[in-house]
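S.K.: sequence? don't have it. structure:
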């Protein structure tokens, strides 16, 4: 039966299913001894392996290229080219170098065994064969190969996910740019246009450390894969090489640091997602009908978009946000328009604080005037129920609005800001949104000593 198999090897290999559809592990046995081939063929076939056989190295190399097996049993002493040369050629070919090779030899010289392992063989078995030993070594190395293939697949999947996430981030940024172009002729996009650079900075920070962490995560993955391969090469007697490799890559550090890297990348991704969601919420177009929403979500969305302006700058300390939220019901309103009101009022509060701090020095988180007077910039935001209204107060401790100017602040195109910094439409649009669109009230209280407070009142019920 084996002689018939040898005479029709080509026909048999052509009928073998491709690897993706193979039901059984395939083992190629290469030996010039018909007796050895018969023993191994019978033993392995009875255990469910698909067995291919060749009697010389050249024919075996051709067989491997046409029908790659899962494992190769290779005799050393053979005609034409010996087992060492056969192994060298297989290891030199990128398409066959990952197939595990186990040498079969009657040689007892350790030098010859070491030579085979250096050429790329994963193990050796001695003749005469011990069936249990042969089967144990075959099972171990087929399992190791599968684990190695799974590691390679996981690494590939990780790289694909990183590329997909990078593409998603690029697409999100493109969507942001398109949104800006679509709203360029409105007051809303006017305020967004002033914030783009800061928002980009807020996005670039988490992108930066995600990119850095991906580099280290990739290095750790390569180190772990190389360690598995080294263990595979040195099995079953790992020796000092494994211990040295573990110390070299600092396996303990990898075990602790890799989960931290992944966790920090998730935090960065969540931060980017939050910023993008805030921008989408702010720039959304309201429908014809009002919607019931949580007013606090709109405030928090606006604060997130303005975060880069609240952070400490080279010329001042960070602006503190003091919040006192009441227990409010859902409010029927136009959410996008109210977000625009919050954006204008908070941006104006920041501007007023920065005007108040002009000429003061930044010192350890606080601003000091030339005579040493301390000033801590604060914006207070509070919400409450006021009879049939929901009341939102936004107050700053910046430079107040002069009384002569206060009566004009809601007039279209009126502005006290330098040319090019303001359109004069911000507060006018806020007044229109609150009073005309929502039937509410927008008041302003201001003084040079206490700063400015805007009070927004939105009816609880739509009449």
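M.R.: Ah, there it is. Note that the structure is predicted; figures quoted are calculated from it, not measured.

S.K.: Do you have the helices of the stretch 151-300 of the chain handy? List them.
M.R.: Taking DSSP state H, counting those that start in this stretch as the criterion, the stretch 151-300 of the chain carries its helices at 187-234, 240-249, 251-283, 295-305.

S.K.: and the angle from the last one to helix 251-283?
M.R.: By that I understand helix 295-305. 120 degrees (axes from the mean of the first three to the mean of the last three Cα atoms, to 10 degrees).

S.K.: and helix 295-305, what does it pack onto?
M.R.: The criterion is 3 or more Cβ pairs under 8 Å, 6 or more residues apart in numbering; DSSP states H and E, and the helices and strands that helix 295-305 contacts are helix 251-283, helix 335-356, strand 378-386, strand 389-396. Bear in mind the C-beta positions are built from the backbone N, C-alpha and C, glycine included.

S.K.: can you tell which of the helices of the stretch 151-300 of the chain is closest to residue 55?
M.R.: Ranking these by distance to residue 55, with Cβ to Cβ as the measure, places helix 187-234 first at 27.6 Å.

S.K.: Which of the helices and strands packed on helix 295-305 sits closest to residue 443?
M.R.: Of all these, it is strand 389-396 that lies closest to residue 443, at 9.8 Å by Cβ to Cβ.

S.K.: Give the pairing partners of the closest one; include direction for each.
M.R.: Strand 389-396 pairs in its sheet with strand 378-386 (antiparallel), strand 451-459 (antiparallel), by DSSP bridges.

S.K.: Measure how buried residue 356 is and give me the count.
M.R.: Other residues lying near residue 356 total 20 when counted by other Cβ atoms under 10 Å.

S.K.: go on, residue 219?
M.R.: Applying other Cβ under 10 Å, we find 12 residues neighbouring residue 219.

S.K.: now do residue 411
M.R.: 12.

S.K.: and the gap between it and residue 432?
M.R.: Between residue 411 and residue 432 the computed distance is 12 Å (Cβ to Cβ, to the nearest Å).

S.K.: cool, and residue 339?
M.R.: From residue 339 over to residue 432 (counting by Cβ to Cβ), the distance is 15 Å.

S.K.: Any regions of the protein where pLDDT drops low?
M.R.: For the chain, the stretches flagged by pLDDT under 70 are 1-24, 107-109, 176-205, 209, 277-288, 359-373, 412-425, 462-463.

S.K.: one more time with 50, if that's ok
M.R.: With pLDDT under 50 as the threshold, the chain has low-confidence stretches at 4, 7-23, 180-181, 183-185.

S.K.: So it: which segments form each domain?
M.R.: What the record gives for the chain is the domain set 2-129, 175-283, 300-459, from automatic domain parsing.

S.K.: Residue 450: which of the helices and strands packed on helix 295-305 is closest?
M.R.: Residue 450 lies closest to strand 389-396 among the helices and strands packed on helix 295-305, at 8.3 Å (Cβ to Cβ).

S.K.: Next secondary structure after that closest one?
M.R.: If you walk from strand 389-396 toward the C-terminus, the next helix or strand you reach (DSSP states H and E) is helix 403-406.

S.K.: Can you give me the buried ones in that next one?
M.R.: Judged by neighbour count using 16 or more other Cβ atoms under 10 Å, helix 403-406 contains no buried positions.

S.K.: same for that helix, what does it pack against?
M.R.: Contacts defined by 3+ Cβ pairs under 8 Å, 6+ apart place helix 403-406 against no helix or strand at all.

S.K.: what's the most buried one of the helices of the stretch 151-300 of the chain?
M.R.: Among those, helix 295-305 has the highest mean neighbour count (mean count of other Cβ atoms under 10 Å), at a mean of 20.

S.K.: Now find how far off-centre that one is within its chain.
M.R.: Relative to its chain's centre, helix 295-305 lies at 26 Å (Cα atoms, centre = their mean, to the nearest Å).

S.K.: Just after that helix, pick out the following helix or strand.
M.R.: Counting by DSSP H and E, what follows helix 295-305 is helix 307-310.

S.K.: Could you list every helix and strand in contact with that next one?
M.R.: By 3+ Cβ pairs under 8 Å, 6+ apart, helix 307-310 packs against helix 187-234, helix 335-356.

S.K.: Could you dump these into TSV with distance to residue 49 added?
M.R.: Compiled in TSV, the helices and strands packed on helix 307-310 are given as follows (distance: least, Cβ to Cβ, whole Å):
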stretch	distance to residue 49
helix 187-234	20
helix 335-356	67
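
S.K.: between those, which gets nearest to residue 126?
M.R.: That would be helix 187-234 among these, by Cβ to Cβ, at 18.1 Å.

S.K.: so residue 354 sits right up against residue 317, yeah?
M.R.: No. No contact is recorded between residue 354 and residue 317 when judged using Cβ atoms under 8 Å, the distance being 11.4 Å.

S.K.: more neighbours, the two?
M.R.: Each of residue 354 and residue 317 has its neighbours counted (other Cβ under 10 Å); residue 317 has more, 20 against 17.

S.K.: Let me know the distance separating the more buried one from residue 375.
M.R.: 9 Å.

S.K.: next one: residue 262
M.R.: As defined by Cβ to Cβ, residue 262 lies at a distance of 43 Å from residue 375.

S.K.: And residue 351, by the same measure?
M.R.: Using Cβ to Cβ, one obtains 16 Å as the distance from residue 351 to residue 375.

S.K.: What's the local residue count around residue 95?
M.R.: Counted with other Cβ under 10 Å, the burial measure for residue 95 works out to 10 neighbours.
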